[in-house]
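Undergrad: Pasting the sequence and the predicted model now:
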Amino acid sequence: MTVTIGIPTFNRLNILKIMAKSLYASNLPDYCNIRIYDDCSTEYGNAELKKLFPTAVSILRNSKNIRADKNMYIMYKDFLNSNDDYFFNADSDIIFHKDWIEKSLAMILKTSGILSIFNANSHEVTALIDSDLCIKNSVGAAGTLFAQKRLKELMVQFPDIKDVRGFDWQWSRYFTDNGVHIFCSNNSLVQHIGYTGQHSSYFFDFGRNFEIETVQEGQIINDIFEAFIDECKIKRLREAREQDALANDFLYHIKRCIIIIIKYLLPKKLVKKIKSLKHNRN
C-alpha cells in the first residue's frame, strides 16, 4: 500500500514552514510519497521547497499562476499516473495530529473511499455514523483522503481543466448527488492555521475537536488566531473609514446639487426672495 501526500503551495512561506515541520514531526511511514505542486510562487523556488520537504519524490512548479482549483486538478491527474493506492489532499496551511496517517487509513476502510479528516466548522454534519465518523454533503479539499477508484471516477466526470470552478464544491456535489457518501472524522486530525488564500480572506475555517498535543502546537494556533483577530479589526476599521468617506462625499454632492438647482433652475426672482428672507432672518 502506498499513499500520495499532495501539497499545493503558493507563497505564504512563514506558514508553509510551520506545516512542513508539523508534517515531519508526525509518524510518517515509508509508504508515503510526498509530492509538491507549486503554483508559481514568487517568495521561493524549488531549492527552498526541497529544503523544506527533503524526502519529496517530486516537485512540480507551474510556469504561471493558475490558482488553487486548477492546481488541485493537476494534482489529481498526476496522482492517477502513479501507482499509489490513496491520495491525501494536504495544504500548505495545516498542522497534523501525530498519528493522522495511521488513523486515517484505518477509518477510510469503513467509508465509500472519501474521508475528510478536517471537521471544518463551515461544512455541516448531515448524519452521525459512530464515535469516529459522520457524513457531510460537502467538504473542503484540504484534509481529504481519497481511494484511487474515487479519483478515477471523479476525473472521468471532469475531463477538461477548463470546467473547473470551485473544484471541491463541484466534486462534493457530484459525489453527494450520485449517492456516494462523503465521510468526515468527528475529531479533526489536521488543523487549519491560515485564514487568507486564493479562495478565502479573513475567514478562519476551524477544525472541530482537534487534539493539541504539544505546547508548540497550542502556541501556533494561538498566534494564528490572534493575528486573524487583528487583521479582522484592521479590515473593519478600514471599511468603516471608507463608508464614512463615501457618506461624506455623497452628502457633499447632494448639497452641491441643491445649490445648482437653486442657482440655475429656479426663477431669479424666487432666488432673490429666498436670499432676502434669509438676510432678514439674520
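TA: Here it is on my side, so go on.
Undergrad: hey, let's count contacts and neighbours off CA atoms from now on
TA: OK.
Undergrad: Make sure residue 31 is actually in contact with residue 1.
TA: Yes. Taking C-alpha atoms under 8 Å as the definition, residue 31 is a contact partner of residue 1 at 6.8 Å.
Undergrad: Please say which of the two ends up with more neighbours.
TA: Neighbour comparison, residue 31 and residue 1: the larger count goes to residue 31, with 11 against 8 (by other C-alpha atoms under 10 Å).
Undergrad: give the contact list for the nearest residue to that one once chain neighbours are set aside.
TA: Spatial nearest neighbour of residue 31, excluding adjacent residues (C-alpha to C-alpha, 6 or more residues apart in numbering): residue 2 at 4.9 Å. When contacts are counted by C-alpha atoms under 8 Å, 6 or more residues apart in numbering, residue 2 touches 31-33, 83-86.
Undergrad: What's the per-residue pLDDT of residue 2 here?
TA: pLDDT recorded at residue 2 is 98.
Undergrad: Residue numbering should commence at 289 henceforth.
TA: From this message on, residue numbering opens at 289, which makes the last subject residue 290.
Undergrad: Could you check how far it is from residue 516?
TA: Distance, residue 290 to residue 516, by C-alpha to C-alpha, to the nearest Å: 37 Å.
Undergrad: same thing with residue 445?
TA: 37 Å.
Undergrad: the more surrounded of these two?
TA: residue 516 (20 against 11).
Undergrad: Let me see the ranges of the strands in the stretch 389-538 of the chain.
TA: Ranges of strands within the stretch 389-538 of the chain are 402-404, 413-416, 421-424, 432-435, 470-473, 478-480, based on DSSP state E, counting those that start in this stretch.
Undergrad: and of the ones you listed, who's closest to residue 330?
TA: Closest to residue 330 of the strands of the stretch 389-538 of the chain is strand 478-480 (C-alpha to C-alpha; 22.8 Å).
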